[in-house]
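**Student:** mind looking at a prediction? Sequence and model below.
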Amino acid sequence: MNLSEDAEEDLESLWISLIEKEKSHFKEKDIGKLKAVSELKENGLIKKEKDGIKFTKKGKEVAEGVIRRHRLAERLFHDLIRMSKREMESPACQFEHILISGEVEEGVCTLLGHPRECPHGRRIPKGRCCRERRSMAGKVIHQLSELKRGQKGTVIYIQTRDHNMLKKLMAMGVLPGRILTLIQRSPSYVFSVGRTQVVVDKEIASNIYVRTE
């Protein structure tokens, strides 16, 4: 289901109010604070009653996924990229949309050790990987610099404190879930992602972590 960012933000607000604060309804007087009520209703995610808004069964499930992805993204930026709680909020909002792929979401969660809370202390809903307590058995996560020429890998995360470099790589399509192929190791590392070829030095190549098949 492709929802707008406004709709996903509304689902987060509704989740906090209805599930975490255990309110029976999102009150009628507060509905004006939401941005995408019509979209949520058209997709069968909420229902309006006389006292306000409630989740449908489908809506609760979708909202739980949105909350999980956002808080995993916060955990990733906080733990691995060392962003402060203030700095990480904007990129985390963008990054959660990348985690829409279940495989990538579970890969990030497993990589982080199935965290129970986000950096703000809020609960992260469990996914299938958490219930099965998967671990990275064997080495399937590698630095890009460890790959052989012609080898492919799926980007899991980029570990760097250089926020400008991170933005530059993400702008070129080096994003979690994207498949890259190493073309050259020397004198610089050259890899392709989609139709784009990217040239980086060894230090940057060592900070890009991929999952190999």
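**Tutor:** Arrived safely, thanks for sending. Being a predicted model, the structure only gives us computed values, none of them experimental.
**Student:** care to break this structure down by domain?
**Tutor:** 1-136, 141-211 (automatic domain parsing).
**Student:** which helix or strand contains residue 197?
**Tutor:** strand 196-200 (DSSP states H and E).
**Student:** check which helices and strands that strand sits against.
**Tutor:** strand 189-193 (3 or more CB pairs under 8 Å, 6 or more residues apart in numbering; DSSP states H and E). Where C-beta positions appear, they are placed from N, C-alpha and C, glycine not excepted.
**Student:** just the angle between the strand it packs on and strand 196-200, please?
**Tutor:** Angle, strand 189-193 to strand 196-200, by axes from the mean of the first three to the mean of the last three CA atoms, to 10 degrees: 150 degrees.
**Student:** tell me what strand 189-193 is packed against?
**Tutor:** By 3+ CB pairs under 8 Å, 6+ apart, strand 189-193 packs against strand 179-184, strand 196-200, helix 202-206.
**Student:** in CSV, list these along with mean pLDDT and mean neighbour count.
**Tutor:** Formatted as CSV, those follow (pLDDT from 0 to 100; neighbours: other CB atoms under 10 Å):
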stretch, mean pLDDT, mean neighbour count
strand 179-184, 96, 16
strand 196-200, 95, 16
helix 202-206, 93, 17
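**Student:** between those, which gets nearest to residue 117?
**Tutor:** helix 202-206 (29.7 Å; CB to CB).
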